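Undergrad: This is the structure alone, sequence omitted:
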């Protein structure tokens, strides 16, 4: 057994009475009365994926809430920070991060070989050299904290509805009388739900039966048996260089007597690669590294219902090996009723954090859609007041339903908090029913002109929007944070609104693969009423000049 596995805290090394093999078993005795694992003091490096462009905003949140300094990765959209494992619950409460992972080892300048074969051979040898002990311990602690992913039962499209119903009935009748019935989300066996009780196999070969019946030799794992997600064939070259391709390998041989397959950890390897100077594809890197991980731990591969996901992040010469801590992205919160262009909660939080809301601030989202921005603000900055409006009745209904969802969620948890500081109104964006100079902050996601509206309509909409926003916003202290992908139209409109708005800075973001921008504007000190009076006075003067 390797030294890395021997030093894994929280695990016991035992010999199986049936096979005499040495197996690493998770120690479940170190729990308190509430069945919570006793957390040892372990300092690890945590990585987090964040909306691209908001890395500095996320780093500020980490420093504010965890008192930890963050480093921004060369690959946009990732930050790294060191924490104690006792602070892991607070990490899951961060609002600006999408996914979390614990770093096994980071190579800032990985030396790739000249040929593809040599590079892939290095990946195969890398698995047994990595310090797995602390990351695996943090992964075990994290299992009681992470949000579980709900699994859907796969229905055979070729089968008729009647055949599918018969199969479902047959499965129900085949259950034991005293066994609990599981929903479609519970298709994973109990061992997959409680990975703390799963054995971590050592790197010794499993005694499997070969075709000839000889049990002394273990069959080598063929790299061609690696199954790539979404039906991709092993070794198939990929067109994109920044893909997200999970891969793993399968072993069809039976386990020894007394070792049930359901008791082994299930895993997969996901490779995220960016850069054009690599002589290998993401499929090939995940395939060979995944095979080495399986040979080292003897975990059972599973592409969908896995217990542990090993990440291989490659960006040019930077290589990071990590273990995922989230099954489902942390941005999936607050919103249950979605629209055609629902904004991610992490992006909404980043936009709100740019303008730094203060107590008693009046914050308006004039194009609220599903209410992602005001909901995120009300949950994080409850001392401010929010107004959510839209001209579409369906959007208003979605916002109200999402607010009610938060109310019900709080009520079910026994919270005594009454309501949220949000009012929802259906209005005309160009004629807001709000008093002049009464709003402190305006934060909104403007139409891109793709799924809603058009680029042609934006040339009329954007000037009217900025003018009306300038009217309701307080002079000199008012702010606006606006997201749009129609950068040309917005820049042209902003150049004609210099008397109302001054651009502070721009944050370039990636929204669903679209290169968009978040503009941070500050209201000028000129009063809107004075501006309108000056315009009215100029009109008669211009008429007299034309008459003369």
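TA: Structure received. The structure displayed is predicted, hence computed values, not measured ones. Numbering: from 1, shown residues only.
Undergrad: On the three-state scheme, the nearest residue to residue 447 once chain neighbours are set aside is what?
TA: Leaving aside its sequence neighbours, residue 447 sits nearest to residue 453 (C-beta to C-beta, 6 or more residues apart in numbering; 4.2 Å). For glycine as for every other residue, the C-beta is placed from the backbone atoms N, C-alpha and C. Under DSSP: H, G, I helix; E, B strand; the rest coil, residue 453 falls in the coil class.
Undergrad: For residue 453, give its distance to residue 434.
TA: 23 Å (C-beta to C-beta, to the nearest Å).
Undergrad: between these two, who's got more neighbours?
TA: residue 434 (19 against 14; other C-beta atoms under 10 Å).
Undergrad: Wait, a strand at that one?
TA: No: assigned with three-state DSSP, residue 434 falls outside any strand and is coil.
Undergrad: who's in contact with it?
TA: 364, 387, 472 (C-beta atoms under 8 Å, 6 or more residues apart in numbering).
Undergrad: Count the residues that sit near the last one.
TA: If I follow you right, that is residue 472. The number of residues near residue 472, taken as other C-beta under 10 Å, comes to 21.
Undergrad: One more: the second one?
TA: Residue crowding around residue 387 was assessed by other C-beta under 10 Å; the count is 23.
Undergrad: cool, and the first one?
TA: As a burial measure, the neighbour count of residue 364 was computed by other C-beta under 10 Å and equals 27.
Undergrad: same question for whatever helix or strand residue 288 lives in, mean pLDDT?
TA: Of the helices and strands defined by DSSP states H and E, residue 288 is found in helix 282-297. The average pLDDT within helix 282-297 is 94.
Undergrad: next structured bit after it?
TA: In N-to-C order, the element after helix 282-297 by DSSP H and E is strand 300-301.
Undergrad: Who are the packing partners of that following strand?
TA: strand 266-274 (3 or more C-beta pairs under 8 Å, 6 or more residues apart in numbering; DSSP states H and E).
Undergrad: I'd like to know which elements the strand it packs on is packed against.
TA: Looks like strand 266-274 contacts strand 244-248, helix 282-297, strand 300-301, strand 308-315 (3+ C-beta pairs under 8 Å, 6+ apart).
Undergrad: hey, which of those is tucked in deepest?
TA: helix 282-297 (a mean of 25; mean count of other C-beta atoms under 10 Å).
Undergrad: Check which helices and strands that helix sits against.
TA: helix 116-126, strand 227-228, strand 244-248, strand 266-274, strand 308-315.
Undergrad: Take those and lay them out in JSON lines including mean pLDDT.
TA: As requested, these are exported to JSON lines (pLDDT from 0 to 100):
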{"stretch": "helix 116-126", "mean pLDDT": "94"}
{"stretch": "strand 227-228", "mean pLDDT": "33"}
{"stretch": "strand 244-248", "mean pLDDT": "42"}
{"stretch": "strand 266-274", "mean pLDDT": "94"}
{"stretch": "strand 308-315", "mean pLDDT": "95"}
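Undergrad: for these, which one sits closest to residue 101?
TA: Smallest distance to residue 101 across those (C-beta to C-beta): 5.6 Å, for strand 308-315.
Undergrad: Next, the angle helix 116-126 makes with that closest one.
TA: 140 degrees (axes from the mean of the first three to the mean of the last three C-alpha atoms, to 10 degrees).
Undergrad: ok, residue 383 - how many residues close by?
TA: Count around residue 383 with other C-beta under 10 Å applied: 11.
Undergrad: Give the full set of residues in contact with it.
TA: 359, 360, 421.
Undergrad: can we see that at 7 Å?
TA: For residue 383, the contact set (C-beta atoms under 7 Å, 6 or more residues apart in numbering) comprises 359, 360.
Undergrad: Then residue 124?
TA: Counting by C-beta under 7 Å, 6+ apart, the residues that residue 124 touches are 288, 291, 292.
Undergrad: Considering those residues, which is situated nearest to residue 498?
TA: Among the contacts of residue 124, and counting by C-beta to C-beta, the member closest to residue 498 is residue 288, at 57.6 Å.
Undergrad: could you list every residue that touches residue 436?
TA: Contacts of residue 436 (C-beta under 7 Å, 6+ apart): 471, 472, 528, 529.
Undergrad: That one and residue 467, how far apart?
TA: 12 Å.
Undergrad: Surely residue 370 touches residue 339?
TA: Yes: shown here, residue 370 and residue 339 form a contact pair, counting by C-beta atoms under 7 Å, at 4.8 Å.
Undergrad: out of these two, which sits in the busier spot?
TA: Neighbours per residue, other C-beta under 10 Å: of residue 370 and residue 339, the larger number sits with residue 370, 26 against 20.
Undergrad: And that one, which helix or strand is it part of?
TA: Residue-wise, residue 370 maps onto no helix or strand under DSSP H and E.
Undergrad: mind showing which ranges of the stretch 101-250 of the chain have poor pLDDT?
TA: 147-250 (pLDDT under 70).
Undergrad: same thing but at 50, please
TA: For the stretch 101-250 of the chain, residues meeting the criterion pLDDT under 50 lie at 151-158, 168-198, 201-250.
Undergrad: related to what we said a few turns ago, kindly reformat the helices and strands packed on helix 282-297 as TSV and extend each row with distance to residue 143.
TA: Converted to TSV, the helices and strands packed on helix 282-297 look like this (distance: least, C-beta to C-beta, whole Å):
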stretch	distance to residue 143
helix 116-126	25
strand 227-228	25
strand 244-248	20
strand 266-274	13
strand 308-315	9
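Undergrad: where do the helices sit along the stretch 351-500 of the chain?
TA: 372-380, 393-412, 455-472, 487-495 (DSSP state H, counting those that start in this stretch).
Undergrad: what is the mean pLDDT for the second one?
TA: Meaning helix 393-412. Mean predicted confidence for helix 393-412 is 93.
Undergrad: Now do that helix: everything it contacts.
TA: 334-337, 339, 368-371, 375, 388, 390, 417, 419-420, 422, 424, 426.
Undergrad: List the buried residues for that helix?
TA: Residues of helix 393-412 classed as buried: 395, 396, 398, 399, 402, 403, 406 (neighbour count, 16 or more other C-beta atoms under 10 Å).
Undergrad: likewise the third one?
TA: Residues of helix 455-472 classed as buried under the neighbour-count rule (16+ other C-beta under 10 Å) are 458, 461, 462, 463, 465, 466, 467, 468, 469, 470, 471, 472.
Undergrad: what about the second one, distance to residue 111?
TA: With distances defined as C-beta to C-beta, the gap from residue 461 to residue 111 amounts to 53 Å.
Undergrad: what's the answer for the last one, then?
TA: Between residue 472 and residue 111 the distance is 58 Å, computed by C-beta to C-beta.
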